[in-house]
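Asker: Got a sequence here, can you model it:
(one chain, ligands or ions: 1)
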Amino acid sequence: MNRRTFHLVLSGAFAGSVLRAASGKHYDATWDSIRTHTVPDWYSDAKLGIFIHWGLYSVPAWAPPSGELGKVDQNKWFYQNPYAEWYLNSLRLKDSPTYKHHIETYGAKFDYYDFATIFNKDTQQWKPSEWAKLFHGTGARYVVLTSKHHDGFRLWPSQVPNPKRPSDSITAKRDLVGELTAAVRAEGLKMGLYYSGGLDWTFEPKPIASEQDMRSTAPQTEEYTRYADAHWRELTERYQPAVMWNDITYPKLGKLTEIFSKYYNRVPDGVIDDRFGVDFSDFTTPEYSHYDKITPKKWESCRGLGFSFGYNRVEGPKEVIASDKLIALLIDIVSKNGNLLLNIGPKPDGSISDIQLDRLHALGRWLRVNGEGIFGSRPWVRDSAKSAEGIDIRFTKKGDSLYAFLLSQPDQVVTIPSLQAKSGTTVSLLGTPAAVQWSQNQGNLVISVRRPSGEYAWTLRITPAPESA
Ligand code: GLC
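Answerer: Numbers count the residues shown, from 1 in each chain. Predicted coordinates:
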């Protein structure tokens, strides 16, 4: 060993021990050790993340807008799949609306992977710092980017060769993962990575037409297992993602105890989702759905702004969630211990459609006034109530205050049932300077609000937090 290597080895060992000392913990490659990981505060505090689906499917950017997941007949889902990021699968289902669209628009000979040339050319124009500033402005505290979706296209210069296709046909020219990671961190946000471990259509080209196909087409070969394992290791080493967001499941032979322990040793305050198909996760991931009561295990609901994750050029106001509904959704999720991972689907050149931008700006405006009761909060003993006047209310708690979010505009008074204020209580409406008047009417708290200005939802801060009767 020469002096330089000796020095490197030493400093590596030193850095490792500093890391361990900082987190006070070392993880072994056993489930017992991995299970000792606890959800870090940053993730419980964050409440809002931005999910990004970006890849070859962003070029055609097309899917039939058949409805939201959960509201479309399961038997028809795959033929009329509203998820534009499933374009390749929908195209492989002959006579599906996507198949017809593709033939009409690009012709029968145009192969899906030929979109790579357009994608790689268009992404040259992308400015990662503009995205990072935009996300920061929405109030989001973290970002999760699709590093590889089901089509197998990789958004980073992976050194892992794909045994089925030439690497350059399935690899982005720019290091989109690395550049976004740097830009997002420069804005003070955390950066996480999505990876489709369960499905990879470069290994298994058979189209999926049913739930059953979804299970049977998840590649389980040693070859694919090695490939996926190497990817997660590579992503961990290169980018130290704050979130390991795996999708669908993972090959059964995968070396997950080794991958997870390495990850936690490298990123002690990282979090792992529940889609590896094993009995361990930091959080659960309901999709286009969420829990209807306070759920102690940390959870994160994800959805697209419309019916799709990847950009779908046919989506408009009929499909895209309205701003008031979006803000009510965020509040509702937070009151029940969840985060909202809200997805945007950018175009290949990095631009974002006006309707998606409009929703992000609405979120940002509302959170600048009301974020105090959202970020860093925890569920209170009750998640919700209805005022005597019929207004839907959600609660959170932070420090010594209770926050009551009114989901529609109050008029004169709001009577919150079963709420006993302590003497000396101060009630304020966020965004207005003066304290508001309150009184107690037999176990109910009566607050005078006088038609406040503001939009989407109104937040009352009640300090100290009262007892729930
Ligand atoms: C699903 C879909 C997918 C989307 C994801 C987001 O599993 O297959 O297209 O990326 O969930 O939650």
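
Asker: can we go C-alpha only for contacts and neighbour counts from here?
Answerer: Noted.

Asker: Up against the ligand, what does this protein have?
Answerer: Residues of the chain found near the ligand, taking Cα under 6 Å from any ligand atom as the criterion, are 85, 247, 248, 287, 302.

Asker: The second one touches residue 198, doesn't it?
Answerer: Right, the one you point to is residue 247. Yes. With contact defined as Cα atoms under 8 Å, residue 247 counts as touching residue 198 (6.3 Å).

Asker: out of the two, which sits in the more crowded spot?
Answerer: More neighbours surround residue 198 than the other of residue 247 and residue 198, with 25 against 22 (other Cα atoms under 10 Å).

Asker: right, and that one touches residue 250 too?
Answerer: Yes. With contact defined as Cα under 8 Å, residue 198 and residue 250 form a contacting pair (4.6 Å).

Asker: which neighbours do the two share?
Answerer: Taking Cα atoms under 8 Å, 6 or more residues apart in numbering as the criterion, residue 198 and residue 250 both touch residue 276.

Asker: related to what we said a few turns ago, name the residues contacting each of residue 247 and residue 198.
Answerer: Common contacts of residue 247 and residue 198 (Cα under 8 Å, 6+ apart): residue 276.

Asker: What's the PyMOL syntax to select whichever of the residues of the chain next to the ligand are buried?
Answerer: A single PyMOL command selects the buried members of these (16 or more other Cα atoms under 10 Å):
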select buried, resi 85+247+248+302
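
Asker: Show residues contacting stretch 152-162.
Answerer: Under the contact criterion Cα under 8 Å, 6+ apart, stretch 152-162 has outside partners 55-56, 146-148, 167, 170-178, 200-202, 227, 230-231, 234.

Asker: and those, which are buried?
Answerer: Neighbour-count burial within the contacts of stretch 152-162 applies to 55-56, 146-148, 167, 170-174, 176-178, 200-202, 227, 230-231; the criterion is 16+ other Cα under 10 Å.

Asker: mind listing the strands for the stretch 251-400 of the chain?
Answerer: Read by DSSP state E, counting those that start in this stretch, the stretch 251-400 of the chain holds these strands, from start to end of the chain: 271-272, 299-304, 338-344, 384-386, 392-398.

Asker: any idea which of those is most buried?
Answerer: Neighbour counts (mean count of other Cα atoms under 10 Å) averaged over each of the strands of the stretch 251-400 of the chain peak at strand 338-344, with a mean of 26.

Asker: for the most centrally placed residue in the chain, what are its contacts?
Answerer: With the centre of the chain defined as its mean C-alpha position, the nearest residue by Cα atoms, centre = their mean is residue 341, 2.9 Å away. Residue 341 sits next to 48, 49, 50, 51, 300, 301, 302, 303 when contact means Cα under 8 Å, 6+ apart.

Asker: My guess is residue 411 contacts residue 453. True?
Answerer: No. Look at residue 411 against residue 453 with Cα under 8 Å: they stay out of range, at 10.7 Å.

Asker: Pick out whichever of those two has more residues nearby.
Answerer: Here residue 411 and residue 453 are compared on neighbour count by other Cα under 10 Å; more neighbours surround residue 411, at 13 against 10.

Asker: helix or strand right after the one helix or strand residue 224 maps to?
Answerer: Secondary structure from DSSP states H and E places residue 224 in helix 222-239. Note on helix 222-239: by DSSP H and E, the next helix or strand toward the C-terminus is strand 243-247.

Asker: got the buried residues for that next one?
Answerer: Buried-residue list, strand 243-247, by 16+ other Cα under 10 Å: 243, 244, 245, 246, 247.

Asker: what's the answer for stretch 306-322, then?
Answerer: By neighbour count with 16+ other Cα under 10 Å, stretch 306-322 contains the buried residues 306-313, 315, 319-322.

Asker: which of those sit farthest apart?
Answerer: Using Cα to Cα, the two most remote members of these are 310 and 322, lying 18.6 Å apart.

Asker: Residue of the stretch 51-200 of the chain closest to the ligand, please.
Answerer: residue 85 (5.7 Å; Cα to the nearest ligand atom).

Asker: now that residue, nearest residue through space, not along the chain?
Answerer: Nearest residue to residue 85 in three dimensions, chain neighbours excluded: residue 310, at 4.8 Å (Cα to Cα, 6 or more residues apart in numbering).

Asker: And the pLDDT for the one you found?
Answerer: Looking at residue 310, its pLDDT reads 98.

Asker: cool, residue 11 as well?
Answerer: We have a pLDDT of 41 for residue 11.

Asker: just residue 435 next, same as before
Answerer: At residue 435, the model reports a pLDDT of 85.

Asker: ok, it - contacts?
Answerer: Contacts for residue 435 (Cα under 8 Å, 6+ apart) come out as 426, 427, 428, 429.

Asker: repeat that with 7 Å
Answerer: 426, 427, 428 (Cα atoms under 7 Å, 6 or more residues apart in numbering).

Asker: still on that earlier bit, of the buried residues of strand 243-247, closest to the ligand?
Answerer: Nearest to the ligand among the buried residues of strand 243-247 is residue 247, at 5.8 Å by Cα to the nearest ligand atom.

Asker: Give me the nearest residue to the closest one, chain neighbours excluded.
Answerer: Nearest residue to residue 247, sequence neighbours excluded (Cα to Cα, 6+ apart): residue 196, at 4.7 Å.

Asker: Repeat that for residue 430.
Answerer: The shortest distance from residue 430 to any non-neighbouring residue, by Cα to Cα, 6+ apart, is to residue 459 (5.6 Å).

Asker: what kind of secondary structure is the one you found in?
Answerer: With DSSP: H, G, I helix; E, B strand; the rest coil as the basis, residue 459 sits in strand.

Asker: heads up, I number from 59, so please use that
Answerer: In the new numbering, first residue 59, that becomes residue 517.

Asker: How many residues are close by it?
Answerer: Residue 517 has 23 nearby residues by other Cα under 10 Å.

Asker: Now for it: which residues touch it?
Answerer: Contacts of residue 517 were listed using Cα under 7 Å, 6+ apart, and they are 428, 461, 462, 463, 464, 487, 488.

Asker: In terms of residue numbering, what are the domains of this structure?
Answerer: Split into domains by automatic domain parsing, the chain comes to 61-431, 442-526.

Asker: Only the buried residues of stretch 136-151, if you could.
Answerer: 136-151.
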